[in-house]
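# Can you look at this prediction? I've put the sequence above it.
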Amino acid sequence: MRNFLITQLGKSICTISKLTNSGSGSTWPGHVALKLNKNYIKELLKDSSRQIVLIAGTNGKTTTGKILTTILKKNGKNVFQNSSGANLINGIASSLLLHTNFSGKLTTDFAIFEVDENNLPLVLQELTPQAIIVLDLFRDQLDRYGELDGIARNWQQAFEKLPSTTHLILNADDPLIAYLGTATKATVSYFGLDPTKTEGQSVQHAADSLYCPRCSNKLQFSKIVYSHLGLWKCPHCKLQRPIPNLADSFYPLEGTYNKYNTLAASLTAQTLGFSRENIDQALHAVTPAFGRQEKLVIQGKQIQLFLAKNPTSFNESLKTIVENNNKSFPRRVGNPSAKVVPLWREGQGEGSRLRSNNKLHVLFVLNDRIPDGRDVSWIWDIDMEQYIEKLQRITISGDRCWDMTLRINYSMQFPISNFQFSNSKIQTYKNLKLALKNAIKNIPVNETLYILPTYSAMLEVRRILTGRKIL
Amino acid sequence: MKYILTIGWLYPDLMSIYGDRGNIIALTKRCEWRGIHVEVKPITVDTTLSELRNADLLFMGGAQDRQQTIVAKDLLKKKTVLSTMIETGTPGLYICGGFQFLGHYYKEADGSIIEQLGVLDVYTENPGGKRLIGNIAIEVDGLWPMANSKTISNKLSAISQLVVGFENHGGRTRLGKEVKPLGKVIKGYGSNAEDHTEGAVYKNSIGTYLHGPILPKNPILADWLIAKALERKYKTAITLKTLDDSIELLAHDAILKKIR
């Protein structure tokens, strides 16, 4: 009875919040529910036959959730997924609350929750999922999350308590993630990219986990996919990349990072009992998630959004954009023996091997709000030097537009002289509307403007573009 | 005269977490744009001592705990050479974990004490609990002998007294008598959140918690390091060619506006 009232109250809060456009509808009801009953989530799920899947990791949570949701829906299941802005414990309580019916029962077969790195152990105290997908750990918002090893340690402790009925779906190519499978009673499955079908490259500067998670000695990589993901082994303690249970699939989305997301979602569906055939068929219906390779058309001009929130997601987005732009050009095959090159240098690595037709227009939007991380020093870990020559026009905006302009300036052979922006291929506008307006105006019809925003910037860009406020 | 500088980057694969590479990029570009040839040498686990000795300028960034353990072990082998270089005036910049490594010791939250190099008269204690995180501005005027250096252009000297960055550290560092602080905290926490000092200067070495990274937005500091390194190597007074630092100043001022 108590939870019934809480649920109704929560729904009312959500309605009011939507009506008043206060924008906190996705987290407030859960916040209030947990304040009134701290066991709200536990009690709500007690008699439920709902299957719950949690998704954790630095990059790819939302897209993996979207792919899994599509697979389940195409196979006739009712599914709901929390929004990425609601990935803390109160957001999860909110999503649950909004999907219960009048008698307090959940209305769907599956619930998919992406979970914030720091909140995963807390969430596991409240519920026991059927599956947990762990994608990767990259440096991201160190001011909020702290160090990667600390996160992995907390996860390891939480995973030790899992029952064998929970499936743990881990990325074999990420050493820190794969190692999580060694001390848990949960049923572990691994996904990883088929090395014979993947181009290798040299170590990127932003690579994090290059040392053995067990004995701290330097890992050997016989192939690097990107950052610290690849074919790894420890020459000292012999820990090595586990053999994946799934290593190839039909890939509906562009970008190497989306191959991982696809494999993770596919493998999860497989462990939940769906046939390969049904999964593969459903994959053809996958479309990009909100702000992640999402396409818009404004005044006959193509716009594509690539959420770029940390060095790895920025690098991989740039790489994908350059590859898209070069599809009709022949490419040389990469160096198969990945060599550790810790310095950045022009002319090394993946990007420089791609030919350019010199028509790339990009808009970088760098914000430093709470969802973006207050610290923007990560932009210096982007391998901008590899891509700068391929970008024809760069527009820059956001709270920290001058930091980004400085980063671009220092990636060029010669500095922007005398600050003559009017002649330069680089244009900086603090005002985002102005930046969007000019960036769109400056591209020919039928060409694409690629926008790489941080998280809060992505929401802002979408709000402006879909509201057509400037145009 | 064609100048050549060798920058020794200490543990780029292990000690480089908060965009520390930006400092190397700033040093390199500011040399190259002036026609100074730069070589960046990674000095890491198993790099020979002679390669370390060849560096004209040293840089070391911060890291995660596990990486710091690996570095601490390797640094023991390089301790004598590195100490001698710092004592004899090799210019260097040591950020966060790099700064802590140069001190006497690091005391962890659980009370265990890790011996450090002891080149700098500072020590660090981590009381556990709250990390010191946020944008920071420090004033270097009066505390910082380099502010009067002739190598710094007049245009910059007015605002250069304020150095800006971002700090994120659990350790609290306190200074002994042998070192001067890098600056006085205007906004932010500084070395220990108590005595309003930030960083330390000893001979030509600078230790600081400021990342962001520190050099791109504070070009005066980058140029000071470059000039010191050239003066020491070529044994002559150096006047660096002035660069257009408009973007640097806009980025610098944006931080000041933000925290005012």
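Right, received. Where do you want to start?
# quick one, what contacts the closest residue to B:Gly118 other than its chain neighbours?
Residue nearest to B:Gly118 in three dimensions, not counting chain neighbours: B:His104, with 5.0 Å by Cβ to Cβ, 6 or more residues apart in numbering or on different chains. Glycine gets a C-beta too; all of them are placed from N, C-alpha and C. By Cβ atoms under 8 Å, 6 or more residues apart in numbering or on different chains, B:His104 lies in contact with B:115-116, B:118, B:121-123, B:176.
# which one of those residues has the most neighbours?
B:Val122 (25 neighbours; other Cβ atoms under 10 Å in any protein chain shown).
# now it: how far from chain A?
As for B:Val122, its distance to chain A is 23 Å (criterion: Cβ to the nearest Cβ, to the nearest Å).
# any idea how far the closest residue to that residue other than its chain neighbours is from chain A?
Using Cβ to Cβ, 6+ apart and skipping the chain neighbours, the partner closest in space to B:Val122 is B:Gly103 (4.1 Å). Remark: distance between B:Gly103 and chain A (Cβ to the nearest Cβ) = 21 Å.
# what's the neighbour count on B:Gly103?
Residues near B:Gly103, counting by other Cβ under 10 Å: 26.
# Next: the one 4 residues further on.
Here the count is done by other Cβ under 10 Å, and B:Lys107 has 16 residues near it.
# for the nearest residue to it once chain neighbours are set aside, what are its contacts?
Spatial nearest neighbour of B:Lys107, excluding adjacent residues (Cβ to Cβ, 6+ apart): B:Glu125 at 4.2 Å. Each residue near B:Glu125 by Cβ under 8 Å, 6+ apart is listed here: B:106-107, B:171-172, B:174.
# which element follows the helix or strand of chain A with the lowest mean pLDDT toward the C-terminus?
Here the helix or strand of chain A ranked lowest by mean pLDDT, DSSP states H and E is helix A:142-145, holding a mean of 69. Using DSSP states H and E, the helix or strand that follows helix A:142-145 in sequence is helix A:148-160.
# chain center to that following helix: distance?
20 Å (Cα atoms, centre = their mean, to the nearest Å).
# Then stretch B:62-76?
For stretch B:62-76, the distance to the chain centre is 17 Å (Cα atoms, centre = their mean).
# quick one: what helix or strand has A:Asp280 in it?
Going by DSSP H and E, A:Asp280 is in helix A:276-283.
# Number of residues surrounding residue 198?
All of this refers to chain A. 22.
# my bad, chain B
For B:Glu198, using other Cβ under 10 Å, the count is 30.
# Give me the distance between it and B:His252.
According to Cβ to Cβ, to the nearest Å, B:Glu198 stands 16 Å off from B:His252.
# Spit out the contact partners of the nearest residue to A:Tyr179 once chain neighbours are set aside.
Nearest residue to A:Tyr179, sequence neighbours excluded (Cβ to Cβ, 6+ apart): A:Pro213, at 4.1 Å. Counting by Cβ under 8 Å, 6+ apart, A:Pro213 touches A:152, A:175-176, A:179, A:239.
# Which one (most neighbours) among these?
Counting neighbours by other Cβ under 10 Å, the top entry in the contacts of A:Pro213 is A:Pro175, with 28 neighbours.
# Show me the strands in the stretch 201-350 of chain A, by range?
A:220-226, A:229-233, A:292-298, A:301-306 (DSSP state E, counting those that start in this stretch).
# Report the angle between the longest helix along chain B and helix A:148-160.
Criterion DSSP state H: the longest helix present in chain B is helix B:65-87. With axes from the mean of the first three to the mean of the last three Cα atoms, to 10 degrees defining the directions, helix B:65-87 sits at 160 degrees from helix A:148-160.
# so how many other residues sit close to A:Arg400?
26.
# Just the pLDDT for it.
On pLDDT, A:Arg400 comes in at 97.
# quick one, what contacts it?
Going by Cβ under 8 Å, 6+ apart, the list of residues near A:Arg400 reads A:366-368, A:376, B:254.
# OK, contacts around residue 134?
Let's take chain A. Contacts for A:Val134 (Cβ under 8 Å, 6+ apart) come out as A:56-57, A:155, A:168-171, A:177, A:180.
# if you could check chain B rather than the one you did, that'd help
A:143, A:374, B:166-167, B:188-189 are the contacts of B:Gly134 under Cβ under 8 Å, 6+ apart.
# hmm, 6 Å instead?
Taking Cβ atoms under 6 Å, 6 or more residues apart in numbering or on different chains as the criterion, B:Gly134 is in contact with B:Gly188.
# State the phi and psi torsions of it.
phi 150, psi 170 (degrees, to the nearest 10).
# Let me see the domain layout of chain A.
Using automatic domain parsing, the domain parsing of chain A gives A:2-283, A:292-467.
# Pick out the shakiest of these, pLDDT-wise.
Looking at the domains of chain A, the bottom one is domain A:292-467 with a mean of 81.
# Where do the helices of the stretch 51-200 of chain B begin and end?
B:65-87, B:97-102, B:154-160 (DSSP state H, counting those that start in this stretch).
# Only the buried residues of the first one, if you could.
Residues B:66-68, B:70-72, B:74-75, B:78, B:82, B:85-86 are the ones in helix B:65-87 that count as buried (16 or more other Cβ atoms under 10 Å in any protein chain shown).
# which pair in those spans the largest distance?
Using Cβ to Cβ, the two most remote members of these are B:Arg66 and B:Met85, lying 26.8 Å apart.
# if we can go back for a sec, for the longest helix of chain B, enumerate the helices and strands it packs against.
Helix B:65-87 sits against helix B:49-53, with contacts defined as 3 or more Cβ pairs under 6 Å, 6 or more residues apart in numbering or on different chains; DSSP states H and E.
# For B:Asn54, give me its contacts.
So B:Asn54 contacts B:Thr6 (Cβ under 6 Å, 6+ apart).
# A:Tyr190 belongs to a strand, doesn't it?
Yes: with DSSP: H, G, I helix; E, B strand; the rest coil as the criterion, A:Tyr190 is located in a strand.
# For it, the count of nearby residues, please.
22.
# ok, now B:Thr88?
10.
# do A:Lys238 as well
10.
# now it: how far from B:Asp13?
22 Å.
# Likewise for B:Ile43?
From B:Ile43 to B:Asp13 the distance is 11 Å (Cβ to Cβ).
# circling back to that earlier point, per-residue confidence averaged over the longest helix of chain B?
89.
# Kindly export that helix (C-alpha atoms) in CSV.
Extracted in CSV, the C-alpha atoms of helix B:65-87 (Å, rounded to 0.1, in the frame of the first residue of the first chain):
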residue,chain,number,x,y,z
ASP,B,65,48.0,4.5,-7.9
ARG,B,66,49.0,1.2,-9.6
GLN,B,67,51.1,3.1,-12.2
GLN,B,68,52.8,5.1,-9.4
THR,B,69,53.8,1.8,-7.7
ILE,B,70,55.5,0.7,-10.9
VAL,B,71,57.2,4.1,-11.3
ALA,B,72,58.4,4.2,-7.7
LYS,B,73,60.2,0.9,-8.2
ASP,B,74,61.9,2.0,-11.4
LEU,B,75,62.8,5.5,-10.0
LEU,B,76,65.1,3.9,-7.4
LYS,B,77,67.4,3.0,-10.3
LYS,B,78,67.3,6.5,-11.7
LYS,B,79,67.4,8.3,-8.3
THR,B,80,71.1,9.3,-8.3
VAL,B,81,71.2,10.6,-11.8
LEU,B,82,67.9,12.4,-11.5
SER,B,83,68.8,14.0,-8.2
THR,B,84,72.1,15.2,-9.6
MET,B,85,70.4,16.7,-12.7
ILE,B,86,67.9,18.6,-10.5
GLU,B,87,70.7,19.8,-8.1
